[in-house]
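Trainee: Here is a sequence with its predicted model. Questions after.
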Number of protein chains: 2
Amino acid sequence: MRAAAPPVEGLLETSLYAADLRRTAAFYRERFGFKTLVDSPRLVAFEVAAKPVLLVFPRGATEDDVVDARGTIPGHDGVGRLHLALSIAAADLEAWRARLFERGVPVAGEHHWPRGGTSRYFRDPDGALVELATPGLRW
Amino acid sequence: MRAAAPPVEGLLETSLYAADLRRTAAFYRERFGFKTLVDSPRLVAFEVAAKPVLLVFPRGATEDDVVDARGTIPGHDGVGRLHLALSIAAADLEAWRARLFERGVPVAGEHHWPRGGTSRYFRDPDGALVELATPGLRW
């Protein structure tokens, strides 16, 4: 018998890698109203609802390990049209579509799930696929 | 005056892109004990604590739009050593280190934050940087 894993309390952060950090940070700050936790040349971090944090790194600037008196942060990086999903209420779906369209972010796609939820898809300035999802998705 | 954004209730999903979907899915299932929500050739989805979902896609298999009677899911993809962080209790830090080491996942780095938190870093089979973070991080 193998021991159970200690508990994971939540998904704390997810990361994107921006060709132009200012431009992509402005996209999430202004389009989604996220509160800024860190704003530096290495990283912009946003609070998303109660806990999880959306990190935006300048692409190519995090490839090396960071080693100092506090320890080591190993290198990480990414390219491509990454994907993240944000939860919204069904009643806010049209307000979101209108708000993003007015600000120059057209709908990239829409999907209706068997359990009743709707996913609307948008692209951020780096091409990442941002999903706004109402309850009743695949899960 | 510009209208405030409608509320975002949470970060619902984050995605990884695996060179070998079975291998990477097994890493998260067995090492972290995540409950499987979907297990298909296109996607493995794990429940992470109460709400957020960790998606693992086979690399290169999601590049095209999916268009059917339910709508359109635009293409997405990613390569690189992506980054995600998971919340744990400070009391579980050593249990996590021991568990992962015993299962062949060595520590890739460790960082001590000014506010008292510790981050331990590991690599998944694709090289993604997985962080286990105790309370008292940068935020």
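Mentor: Perfect, thanks for sending it.
Trainee: so what strands line up beside the longest strand anywhere in chain A?
Mentor: For chain A, the strand reaching the highest residue count under DSSP state E is reported as strand A:10-18. Counting by DSSP bridges, the strands paired with strand A:10-18 are strand A:53-58 (parallel), strand B:83-87 (antiparallel).
Trainee: Other residues contacting the last one?
Mentor: With contacts defined as CB atoms under 8 Å, 6 or more residues apart in numbering or on different chains, strand B:83-87 is touched by A:8-15, A:51, A:53, A:55, A:62, A:76, A:78, B:14, B:16, B:32, B:48-49, B:54, B:119, B:128-133, B:135. Just so you know, the C-beta spots here come from the backbone N, C-alpha and C atoms, and that holds for glycine as well.
Trainee: tell me the mean pLDDT for whichever helix or strand comes after that strand?
Mentor: Once strand B:83-87 ends, the next helix or strand along the chain (criterion: DSSP states H and E) is helix B:93-102. Mean per-residue pLDDT for helix B:93-102: 85.
Trainee: Just give me the longest helix of chain A.
Mentor: If you go by DSSP state H, chain A has its longest helix at helix A:21-32.
Trainee: Run through who's touching that helix.
Mentor: Contacts for helix A:21-32 (CB under 8 Å, 6+ apart): A:16, A:18, A:34, A:36, A:39, A:41, A:44, A:46, A:54, A:56-58, A:86, A:99-100, A:103, A:105, A:124-126, B:5, B:8.
Trainee: could you check the angle strand A:53-58 makes with it?
Mentor: 150 degrees (axes from the mean of the first three to the mean of the last three CA atoms, to 10 degrees).
Trainee: Report the buried residues of helix A:21-32.
Mentor: Neighbour-count burial for helix A:21-32, counted by 16 or more other CB atoms under 10 Å in any protein chain shown, picks out A:Leu21, A:Thr24, A:Ala25, A:Phe27, A:Tyr28, A:Arg29, A:Arg31, A:Phe32.
Trainee: same deal with stretch A:117-130?
Mentor: Buried residues in stretch A:117-130 (16+ other CB under 10 Å): A:117-130.
Trainee: need the helix or strand of chain A with the lowest average pLDDT.
Mentor: Lowest on mean pLDDT, DSSP states H and E among the helices and strands of chain A sits strand A:10-18, with a mean of 76.
Trainee: So for that strand, what gets flagged as buried?
Mentor: A:Gly10, A:Leu11, A:Leu12, A:Glu13, A:Thr14, A:Ser15, A:Leu16, A:Tyr17, A:Ala18.
Trainee: Spit out the contact partners of the third one.
Mentor: When you say that, I think you mean A:Leu12. A:Lys51, A:Pro52, A:Val53, B:Leu84, B:Ala85, B:Leu86, B:Ser87, B:Glu131, B:Ala133, B:Leu137.
Trainee: where's the dip in pLDDT among those?
Mentor: Comparing the contacts of A:Leu12 by pLDDT, A:Lys51 comes last, at 69.
Trainee: mind checking pLDDT for A:Gly127?
Mentor: A:Gly127 is given a pLDDT of 85.
Trainee: Likewise for A:Tyr121?
Mentor: At A:Tyr121, pLDDT is 91.
Trainee: Quick check: bridge partners of it?
Mentor: A:Gly109, A:Glu131.
Trainee: Identify the residues contacting it.
Mentor: A:Val107, A:Ala108, A:Gly109, A:Glu110, A:His111, A:Leu129, A:Val130, A:Glu131, B:Thr72, B:Ile73, B:Pro74.
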